[in-house]
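Student: Whatever this is, show me its structure:
(chains A and B)
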Amino acid sequence: MAEKVLMKGNEAIGEAAVRAGCRYYFGYPITPQSELPAYLAKRLPEVEGVFVQAESEVAAINMVYGAGSAGARVMTSSSSPGVSLKQEGISYIAGAEIPCLLVNVVRGGPGLGNIAPAQSDYWQATRGGGHGDYRTLVLAPNSVQEMADMTVAGFEFADRFRNPVLLLSDGVLGQMMEPVSLPDPIDYDVDSKKWGLGYQGKDKNERNLCTSIFLDVDELEEHNWHLYQKYQVMTDLFSKGEYKDFAVEEHLCDDAEIILVGYGIISRILKTVVEKCRKRGIKAGLIRPKVLWPFPSQVFERLQQTTSNFLVVEMSCGQMVEDVKLAVNGKKPVYFFGRTGGTIPSDFEILNEVDKIVRPD
Amino acid sequence: MKQVFSRPRSMSKKPFHYCPGCDHGVVHRLIAEVIDELEIQDRTIGVAPVGCSVFAYDYFDFDFNQAAHGRAPAVATGIKRVRPGSIVFTYQGDGDLAAIGTAEIIHAANRGENITVVFINNAIYGMTGGQMAPTTLIGMKTQTSPYGRDAATAGNPIRMSEIIATLESPAYVTRVTVNNPANLMKTKKALLNAFTLQKEGKGFSFVEVVSICPTNWGKKPTDSHKWLTENMLPVFKLGTFKDIHGVEKS
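Tutor: Next comes the predicted model:
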């Protein structure tokens, strides 16, 4: 981690992926994530990797399904409308338990929406998006450094849990430039997964099969409970196990009368708001979920005992706020402030919302 | 006593679920025989489609992926790019390949992916109960064309081999059938050509097999093959549309 370079968020994901051993990228052009495929189209051939511009997002995600089935570290990226198209494939990938990294550089919706930054794909990201009983691990970086770090972590989590991992970014994080320490490169061997199609190890004694079809009712029920148990293991690891500190950032919450809640780029604005509140004598704190599923409910369960209010701020009409309300469970008021359509809320208008709550007169 | 007939090594022992008289079993066997003869069983990876052959992986004894409807060529692309030393093939029906998966097959062919595609064209959706396919003949009655396919509203049968042969990249595009023993042996030769080309890294190969669906056609298997010969072959003409390496002459 010696070198520090100035990079765009989208490019940092690309370089971090290469260093994490990813040699396969399949994607389809869409704004505002174009820097990522552009970077990898140039970079992957330098490391004998494969870059394929697919005929559609649908094809791209199915190429990911194939490459992941064959044991590779593989990724795709897109932005909101394109990620909607990938949902079919993500459902198959989750059902067949194929590791891969998905990147959504979120833009405004619904429909074609616009190309400005947004957080309106939270529900799609955390509730599955495709059909069936499945979960996707969702990581939410708030800096170019975290774009790189969470890319590496994403590949590791994907392999560990045999599950798709979604990096939920937005148009601001993707396009902004910041200094970043890049991870050390690792060597990754496609034969490290014994279940992979085409695995050539000497210990292979039966053929490998990657499938999501279980026609027999009992078999599918057994498979679904198997997936559920895996998701429970993930939930435990991210709420109280070895990844609990990875999952959430708390800032000045212990004495806070109001706790602001936001993920991604919003969390950086909220940090400024917390500072300004403190200067004005308002004891404000910040909870920043870094993992959106499994949602860090435990932090809210604990801090609702000491704080008086929560204010959730999102670049949407209010999506994550539902998870906060579930975690707080009616014990303290949960307020919401959102801007949407590509508008980024200013610290000033958030401060006004805080005032309305803690100084209503 | 000399054994003259046995199960190919590349076939599993699982009994077929296919309807009596269906051509799938015959074509499965031919593929397995070719894979045995080329001695590539240990490095072959199949991609099963959605359709009657969704469980194709049960009948072969090598690695398999089960793809979403129409996406097999994209999945095969991903597998082959990761494992270029493997032999990767898709096995797809007409609804899978010529309707929902049109984009995937055209572009995999156009990229010249070094894979083999076996395309079963029986002019109908079998598994879902006999709906009109892109390859359904004009006038042919199905569950969703109860008055017969009308070109004015449902278009004409799509000839996939001819379309794919217009592309520069594919190495081998041929249409065969298994309506009689002579044609069955030609189908085996076509599959041998296709897998040989892939083994030699010579590019995309496409084998269309004009086939029957006795159940959904409402005909006996023997009558079905007669119907195929009289009605399908005039529309889907047998022959090789592309053979850039001259594999058929060698």
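Student: Residue B:17 versus residue B:59, what's the distance?
Tutor: The gap separating residue B:59 from residue B:17 is 9 Å, by C-beta to C-beta, to the nearest Å. For glycine as for every other residue, the C-beta is placed from the backbone atoms N, C-alpha and C.
Student: Oh, that last question was meant for residue A:241, not what I typed.
Tutor: According to C-beta to C-beta, residue A:241 stands 44 Å off from residue B:17.
Student: How about residue B:177?
Tutor: Noted for residue B:177: a distance of 23 Å to residue B:17, by C-beta to C-beta.
Student: Now the residue in chain B that chain A sits nearest to. Nearest residue, chain neighbours left out?
Tutor: Taking C-beta to the nearest C-beta, chain A has its nearest neighbour within chain B at residue B:78, 2.5 Å off. Distances taken as C-beta to C-beta, 6 or more residues apart in numbering or on different chains place residue A:66 nearest to residue B:78, at 2.5 Å, with adjacent residues excluded.
Student: related to what we said a few turns ago, of residue B:59 and residue B:17, who's got more company?
Tutor: A direct count of neighbours by other C-beta atoms under 10 Å in any protein chain shown for residue B:59 and residue B:17 places residue B:59 higher, at 25 against 14.
Student: ok, now which ones touch that one?
Tutor: By C-beta atoms under 8 Å, 6 or more residues apart in numbering or on different chains, the contact set of residue B:59 is B:11, B:12, B:14, B:16, B:28.
Student: Could you pick out which of the residues you listed are located in helices?
Tutor: residue B:28 (DSSP state H).
Student: export the contacts of residue B:59 to TSV and tack on pLDDT, distance to chain A and neighbour count?
Tutor: Formatted as TSV, those follow (pLDDT from 0 to 100; distance: C-beta to the nearest C-beta, whole Å; neighbours: other C-beta atoms under 10 Å in any protein chain shown):
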residue	pLDDT	distance to chain A	neighbour count
B:11	97	12	21
B:12	96	9	14
B:14	94	12	12
B:16	94	15	14
B:28	98	15	21
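Student: Give me the mean pLDDT for the longest helix seen in chain B.
Tutor: Counting by DSSP H, the longest helix found in chain B is helix B:181-199. For helix B:181-199, mean pLDDT is 98.
Student: and that helix, which residues are buried?
Tutor: The neighbour-count check on helix B:181-199 (16 or more other C-beta atoms under 10 Å in any protein chain shown) flags B:183-184, B:186-199 as buried.
Student: Measure how the helix or strand just after it sits relative to helix B:181-199, angle-wise.
Tutor: Counting by DSSP states H and E, the element after helix B:181-199 in chain order, helix or strand, is strand B:205-210. Counting by axes from the mean of the first three to the mean of the last three C-alpha atoms, to 10 degrees, strand B:205-210 lies at 160 degrees to helix B:181-199.
Student: Let me see the residues that make contact with whichever helix or strand comes after strand B:205-210.
Tutor: Next in sequence after strand B:205-210, counting helices and strands by DSSP H and E, comes helix B:214-217. Residues from elsewhere that reach helix B:214-217 (C-beta under 8 Å, 6+ apart): B:19-22, B:124-126, B:129-130, B:142-143, B:220-221, B:223-224, B:227.
Student: Please apply the same query to stretch A:37-57.
Tutor: With C-beta under 8 Å, 6+ apart, stretch A:37-57 has contacts from A:10-11, A:14-15, A:17-18, A:22-30, A:60, A:63, A:76-78, A:82-83, A:85-86, B:74, B:77, B:81-82, B:103-104, B:106-107, B:111.
Student: what about the strands in chain B?
Tutor: With strands called from DSSP state E, chain B shows them at B:44-48, B:63-66, B:87-93, B:116-121, B:124-125, B:131-132, B:172-177, B:205-210, B:239-243.
Student: ok, now the stretch 101-250 of chain A?
Tutor: For the stretch 101-250 of chain A, the strands defined by DSSP state E, counting those that start in this stretch occupy A:137-139, A:164-170, A:177-181, A:209-210, A:248-251.
Student: how about those strands, which one is nearest chain B?
Tutor: Judging these by C-beta to the nearest C-beta, what sits closest to chain B is strand A:209-210, at 4.7 Å.
Student: anything in that closest one near chain B?
Tutor: Yes: counting by C-beta under 8 Å from any C-beta of the partner chain, chain B has neighbours in strand A:209-210: A:209, A:210.
Student: again with stretch A:212-230
Tutor: Yes: using C-beta under 8 Å from any C-beta, stretch A:212-230 reaches chain B at A:212, A:213, A:215.
Student: which ones are touching residue 102?
Tutor: I went with chain A, as the question did not name one. Counting by C-beta under 8 Å, 6+ apart, the residues that residue A:102 touches are A:61, A:64, A:75-77, A:83, A:86, A:90, A:136, A:164-167.
Student: wrong chain, I was asking about chain B
Tutor: residue B:70.
Student: Does residue B:89 touch residue B:43 like I think?
Tutor: No: the criterion here is C-beta atoms under 8 Å, and residue B:89 misses it with residue B:43 at 11.9 Å.
Student: In which helix or strand does residue A:354 reside?
Tutor: helix A:347-358.
Student: Could you list the residues of chain B in contact with chain A?
Tutor: B:43, B:45, B:47-48, B:54-55, B:57, B:61-68, B:71, B:74-83, B:85-86, B:103-104, B:106-107, B:111.
Student: ok, of these, which come out buried?
Tutor: B:43, B:45, B:47-48, B:54-55, B:57, B:61-68, B:71, B:74-83, B:86, B:103-104, B:106-107, B:111.
Student: Filter those down to the ones in helices?
Tutor: Those of these lying in helices (DSSP H): B:57, B:74-82, B:103-104, B:106-107.
Student: Am I right that residue A:168 is in contact with residue A:106?
Tutor: Yes: using C-beta under 8 Å, residue A:168 is in contact with residue A:106, at 6.6 Å.
Student: more neighbours, the two?
Tutor: Shown here are residue A:168 and residue A:106; by other C-beta under 10 Å, residue A:106 has more neighbours (31 against 27).
Student: got the contact list for that one?
Tutor: Contacts of residue A:106 were listed using C-beta under 8 Å, 6+ apart, and they are A:79, A:80, A:117, A:118, A:119, A:120, A:121, A:168, A:169, A:170, A:171.
Student: quick one, phi psi at the first one?
Tutor: Right, residue A:79. Residue A:79 adopts backbone torsions of phi -130, psi 160, taken as degrees, to the nearest 10.
Student: In this structure residue A:3 contacts residue A:181, no?
Tutor: Yes: under the criterion of C-beta under 8 Å, residue A:3 makes contact with residue A:181 at 6.9 Å.
Student: higher neighbour count, these two?
Tutor: residue A:181 (12 against 8).
Student: For that one, give the beta-bridge partners.
Tutor: residue A:4 (DSSP bridges).
Student: show me where pLDDT drops low in the stretch 1-150 of chain A?
Tutor: For the stretch 1-150 of chain A, the stretches flagged by pLDDT under 70 are A:1-2.
Student: State which one residue of it is found closest to chain B.
Tutor: Using C-beta to the nearest C-beta, the closest approach of the stretch 1-150 of chain A to chain B is made by residue A:66 at 2.5 Å.
Student: Which strand or helix spans that residue?
Tutor: With DSSP H and E as the criterion, the answer for residue A:66 is helix A:57-69.
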